[in-house]
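Q: Here is my input, please return the structure:
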Amino acid sequence: MTPLLSARGLTKSYRRQSLLRSHPPRQVLSEINLDIEPGESLAILGRSGSGKSTLIRQLLGLEKPSAGSVHFEGRDLRQLSQAERKEFRRAVQMVFQDSIGAVNPRHKVGRIIAEPLRHLTSLTSEQQKARVAELLSSVGIDPADASKFPGQMSGGQLQRVCIARALATDPRLLVLDEAVSNLDILLQGEIIDLIHTLRQKTGMAVIFITHDLRLVRLLCERVVVLKAGQMVEMSPVDDRLDLTSQEGRALQDAVLPATPR
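A: Residues are numbered from 1 along each chain as shown. Below is the predicted model:
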């Protein structure tokens, strides 16, 4: 089976310059080889500065790699036609950590969710309105809240709005970039349950970028561990999730138990 999304030899360096002199390029990713299969849930785990966000920018085509390639359903992202690139944007959607910063505070919730529908589909205005109501219901929000502004929503509700927007085009891959890190533990559980239910209904794949192993156990089937831009471990996720790499064990040791011993 052809992977949904794959990376081969993915490497990224950034040039560093100052007013007085130039510096050697800083390598942030090194020789990443990775496949995301249709319908699977993959966690990308690592501490701050490990290269998680840089890897996602390469996988989504937001930046060009310094070396290597990214393929979507077997097609190199650099060689996609305009129509194929539009289809890629429909098929791959992202939810960010900062839900407040990810929306326009001057736009109502209905317009925010309808944004990808306007740009990536041929739905009429009435069809878009019906789709927005359907999406709000699917994430547990009253469709009447489409008339609210972001400032009238709680943090958990606004993150659900962002998820609804990401689901608007029926993506085959949903990327969650620390998307529940700013929520309290109860809301984290609710969002994880929501994503799990949506996966069962739609069969979409999920990439979950996080540093929290507790959330990985709840949502993911496979985990990749990054350290200093290198992939140091790839493991299946089970109830115990015993990581074997030095970095993986360090991340496990850093997670506090759910209840005091």
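Q: contacts, neighbours, all on C-alpha from now
A: Will do.
Q: all strands for the protein, in order.
A: Assigned by DSSP state E, the strands in the chain fall at 5-17, 22-36, 41-45, 67-72, 75-76, 92-95, 173-177, 205-210, 222-227, 230-236.
Q: Tell me how far residue 211 lies from residue 31.
A: In this view, residue 211 and residue 31 are 21 Å apart by C-alpha to C-alpha, to the nearest Å.
Q: More neighbours: the two, which one.
A: Shown here are residue 211 and residue 31; by other C-alpha atoms under 10 Å, residue 211 has more neighbours (22 against 16).
Q: Make sure the more buried one is actually in contact with residue 43.
A: No - the pair formed by residue 211 and residue 43 falls short of the contact definition of C-alpha atoms under 8 Å, at 9.3 Å.
Q: partner residues bridging the closest residue to residue 17 other than its chain neighbours?
A: In space, and not counting its chain neighbours, residue 17 is closest to residue 23: 5.7 Å by C-alpha to C-alpha, 6 or more residues apart in numbering. With DSSP bridges as the criterion, residue 23 is bridged to residue 16.
Q: residue contacts, residue 23?
A: Shown in contact with residue 23 (C-alpha atoms under 8 Å, 6 or more residues apart in numbering): 15-17.
Q: Could you provide these in TSV, with additional columns for pLDDT, distance to residue 89 and neighbour count?
A: Formatted as TSV, the contacts of residue 23 follow (pLDDT from 0 to 100; distance: C-alpha to C-alpha, whole Å; neighbours: other C-alpha atoms under 10 Å):
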residue	pLDDT	distance to residue 89	neighbour count
15	82	28	10
16	74	31	11
17	70	33	11
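Q: Closest one of those to residue 85?
A: Of all the contacts of residue 23, residue 85 sits closest to residue 15, with 27.3 Å by C-alpha to C-alpha.
Q: The closest one: what's it in contact with?
A: 23-26.
Q: which of the residues you listed has the weakest pLDDT?
A: Least confident of the contacts of residue 15 in the model: residue 23, at 72.
Q: any weak-confidence spans in the protein?
A: 18-20, 255-261 (pLDDT under 70).
Q: State which helix of it is the longest.
A: helix 185-202 (DSSP state H).
Q: next one: stretch 204-211 to chain centre, how far?
A: Centre-to-centre, stretch 204-211 and its host chain are 5 Å apart (C-alpha atoms, centre = their mean, to the nearest Å).
Q: Outside of it itself, list whatever touches it.
A: Residues contacting stretch 204-211 (C-alpha under 8 Å, 6+ apart): 36-47, 52-53, 171-178, 181, 199, 216, 220, 251.
Q: Correct me if wrong: residue 26 contacts residue 14.
A: Yes - with contact defined as C-alpha under 8 Å, residue 26 reaches residue 14; the gap is 5.2 Å.
Q: Apart from its neighbours in sequence, what residue is nearest residue 138?
A: Using C-alpha to C-alpha, 6+ apart and skipping residues adjacent in sequence, the residue nearest residue 138 is residue 164, 7.7 Å away.
Q: ok, the one you found to residue 45 distance?
A: From residue 164 to residue 45 the distance is 25 Å (C-alpha to C-alpha).
Q: could I get the contacts of residue 15 as CSV with distance to residue 243?
A: CSV is the format used below for the contacts of residue 15 (distance: C-alpha to C-alpha, whole Å):
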residue, distance to residue 243
23, 36
24, 34
25, 32
26, 28
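Q: Alright, that wraps it up for me.
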